[in-house]
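Next one to model:
(2 chains)
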Amino acid sequence: MTNPFVAERGVRPRAWQLALSYLLVAAALVGFFWLSLSMVGVALDFSFVAEYRARILDGLALTLGISVGSLLLSLAIGLPVAVGQGSRILPVRCLCDVYVKIIRGTPLLAQIYLFFYIVGTAWGVENRLVAGIVILSVFSGAYIAEIVRGSLTSLDAGQLEAARAVGFTRAQTLRYVVAPQLVSRTLPALTGQFASIVKDSSLLSVIAVIELTQTMQEISAATFNLFGTYLFLAGLYLCLTLPLMFVSRYFERRLSYAH
Amino acid sequence: MRIRLAGISRSFDGASVLRGIDFDDEVTTLAIIGPSGGGKSTLLRILGGLLPASAGTVEVDGEEVPADEAALARYRSSLGFVFQDGGLFHHLSARENIALPLRAVHGMTEAEAAARADELLGRFGLAGEGDKRPAQLSGGQRQRVAIARAVAPRPKMLLLDEPTSALDPEYTTEVLDLLRDLKEEGTRFIAVTHEMGFAHHACDAVAFLCQGTLMEYGPSEELFTAPKTPELKRFLGKLLEWSV
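Below you'll find the predicted structure:
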């Protein structure tokens, strides 16, 4: 009889084993929060969900829209920056480097305030949604640049030499060797980054973009139901991010050609 | 195939690896031997148009190896390369490693390329392995796929850079047997090798490269039975010390 709670390293545990252990963890987690809630004497109330359903769905839709828009725009920023970090032209290399370091080294909240109220006001960006997507993309672009740069530097020189040896032109090398290897290396991390964007978009509530978090804050203020709304909010974000993390893992297994 | 080298030199960051190689002969099967760091792989890459020489010219059948990238790509596609670690594309199956260059570089149709790949896989004892990626194959199988990819477009000549030095002895024999068979079918090749038995018995001529100069060149029988330079005598003597 195999121990249901033990799996050797490097061996994929059976599905029922995993399910059992996840169930155990979930039960412990729920139990802990249940206990905490009862200790502070809070009764959870989710009755607001039915009442504000339309607004919650609108907020959810906007969060998704912001996330998808930001993902696309941050790819458009991150890819050239990743290439630029290896540029032969030094000012370009330094520009990309400074961008990545500043963005990754400062909190998103500070970036949102500074960009929106100073840069946005100075250059006449009035639309909060557009400003929000741009700020989030600039933020996420730096992380994507690092992901892509890591894959670029891990490309094996032997692969490039082999590509030249079989007679590929530069364009063919890019198309048949560099691009596919880059995609398989970056796709898992990029999917994870998308989950981060979904989560980080919640901070745009501070410039009053009525996405999911801002919607919930408003509902919370109207119903005085702080715990119920935020617990529900956290649950909704998990519904968005968990599948993405799952997809990321799937890509990781699916696209790995190392074994 | 007539190969003419005139004053080929190459240095890396100021360190001189090849110092004025001159050569002019008809090449059928040639082994390049010599101590490590003697410039063997560098010379092979210059011959194959993968690395420019710092000075000197390479002529193949009376035509100088081009310098511009587009012409170089065409020149390389007329040769077949096999590297020490195979140089197979990690992300492609064995079959696709052979078929992709046939389609993309040599203009074959999908069906022609797949048929040629399967024909070679079968001939090299790899039938049934076509769908595996390089990491799923043994070292010897990888090297045979690499040789299949190199011979698939029927190149003028194969260039092999230590094709067996990353292999266990049993796999080494696999690969050397295959090269001997190819030679008997009339395939021409230049191989950088540490396998003296292979250089001696399977190659018509041998070039001994030492300290960046071509110290000795001639029919393999002659070089192995009557080495002239003290360097080659010492090199062969060292190798014999541990041979059975």
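
Sort out which residues of stretch A:128-141 are buried, please.
Of the residues in stretch A:128-141, A:129, A:131, A:132, A:133, A:134, A:135, A:136, A:137, A:138, A:139, A:140, A:141 count as buried by neighbour count, 16 or more other C-beta atoms under 10 Å in any protein chain shown. (C-beta placed from N, C-alpha, C; glycine too.)

Spell out which parts of the stretch 151-259 of chain A neighbour chain B.
The stretch 151-259 of chain A comes close to chain B at residues A:156, A:158-159, A:161-170, A:172, A:176-177, A:180-181, A:184, A:257-259, as judged by C-beta under 8 Å from any C-beta of the partner chain.

Residues in contact with the lowest-mean-pLDDT helix or strand in chain B: which ones?
Using mean pLDDT, DSSP states H and E, helix B:169-184 stands out as the lowest-scoring helix or strand of chain B, at a mean of 84. The contact list for helix B:169-184 (C-beta atoms under 8 Å, 6 or more residues apart in numbering or on different chains) reads B:29, B:124, B:138-140, B:143-144, B:147, B:151, B:158, B:160, B:163-164, B:167, B:189, B:191, B:195, B:198, B:202.

now it: how far from the chain's centre is it?
How far helix B:169-184 lies from its chain's middle: 13 Å, per C-alpha atoms, centre = their mean, to the nearest Å.

before we move on, what about stretch B:59-71?
The answer for stretch B:59-71 is 18 Å, by C-alpha atoms, centre = their mean.

Tell me how many other residues crowd the spatially closest residue to residue B:147 that is not a sequence neighbour.
Nearest residue to residue B:147, sequence neighbours excluded (C-beta to C-beta, 6 or more residues apart in numbering or on different chains): residue B:82, at 5.5 Å. Neighbours of residue B:82 under the rule other C-beta atoms under 10 Å in any protein chain shown: 29.

For residue B:82, name its beta-bridge partners.
residue B:160 (DSSP bridges).

ok, residue B:167 to residue A:200 distance?
With distances taken as C-beta to C-beta, to the nearest Å, residue B:167 is found 50 Å from residue A:200.

about what we covered before: after the least confident helix or strand of chain B, which helix or strand is next? Please name it.
Proceeding N to C from helix B:169-184, the next assigned helix or strand is strand B:189-192, under DSSP states H and E.

Provide the strand pairings for that next one, with the direction of each partner.
Partners of strand B:189-192 in its sheet, by DSSP bridges: strand B:29-33 (parallel), strand B:157-161 (parallel).

how close does the residue nearest the centre of chain B get to chain A?
Chain B has residue B:160 as the residue nearest its centroid, 1.4 Å off, counting by C-alpha atoms, centre = their mean. Distance from residue B:160 to chain A, counting by C-beta to the nearest C-beta, to the nearest Å: 11 Å.

re earlier: any idea which of the strands paired with strand B:189-192 is most buried?
Ranked by mean neighbour count, the strands paired with strand B:189-192 are led by strand B:29-33 with a mean of 26 (mean count of other C-beta atoms under 10 Å in any protein chain shown).

Excluding its own residues, what touches whichever helix or strand comes after it? List them.
For strand B:29-33, the following helix or strand on the C-terminal side (DSSP H and E) is helix B:40-47. By C-beta under 8 Å, 6+ apart, the surrounding residues in contact with helix B:40-47 are B:3, B:5, B:8, B:10, B:17-18, B:21, B:32-34, B:51-53, B:58, B:65, B:159, B:161-162, B:190, B:192, B:209.

how many degrees apart are helix B:40-47 and strand B:157-161 in direction?
Angle of helix B:40-47 versus strand B:157-161, following axes from the mean of the first three to the mean of the last three C-alpha atoms, to 10 degrees, is 150 degrees.

List the buried residues for helix B:40-47?
So helix B:40-47, judged by 16+ other C-beta under 10 Å, has buried residues B:40, B:41, B:42, B:43, B:44, B:45, B:46, B:47.

pLDDT averaged over that helix, what's the number?
The average pLDDT within helix B:40-47 is 93.

Figure out how far that helix is from the centre of its chain.
Distance of helix B:40-47 from the chain centroid (C-alpha atoms, centre = their mean) equals 9 Å.

Check stretch B:23-34 too.
The answer for stretch B:23-34 is 11 Å, by C-alpha atoms, centre = their mean.

just stretch A:62-77 next, same as before
10 Å.

Output that stretch as PDB, nothing but the C-alphas.
The C-alpha trace of stretch A:62-77 is given here as PDB (Å, rounded to 0.1, in the frame of the first residue of the first chain):
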ATOM      1  CA  LEU A  62     -12.800  46.100 -16.800                       C
ATOM      2  CA  THR A  63     -10.100  44.300 -14.900                       C
ATOM      3  CA  LEU A  64      -9.900  41.700 -17.600                       C
ATOM      4  CA  GLY A  65      -9.800  44.300 -20.300                       C
ATOM      5  CA  ILE A  66      -7.100  46.300 -18.500                       C
ATOM      6  CA  SER A  67      -5.100  43.100 -18.000                       C
ATOM      7  CA  VAL A  68      -5.300  41.900 -21.600                       C
ATOM      8  CA  GLY A  69      -4.500  45.400 -23.000                       C
ATOM      9  CA  SER A  70      -1.600  45.800 -20.600                       C
ATOM     10  CA  LEU A  71      -0.200  42.400 -21.500                       C
ATOM     11  CA  LEU A  72      -0.200  43.200 -25.200                       C
ATOM     12  CA  LEU A  73       1.300  46.700 -24.700                       C
ATOM     13  CA  SER A  74       3.900  45.400 -22.200                       C
ATOM     14  CA  LEU A  75       5.000  42.800 -24.700                       C
ATOM     15  CA  ALA A  76       5.400  45.600 -27.200                       C
ATOM     16  CA  ILE A  77       7.600  47.400 -24.700                       C
END
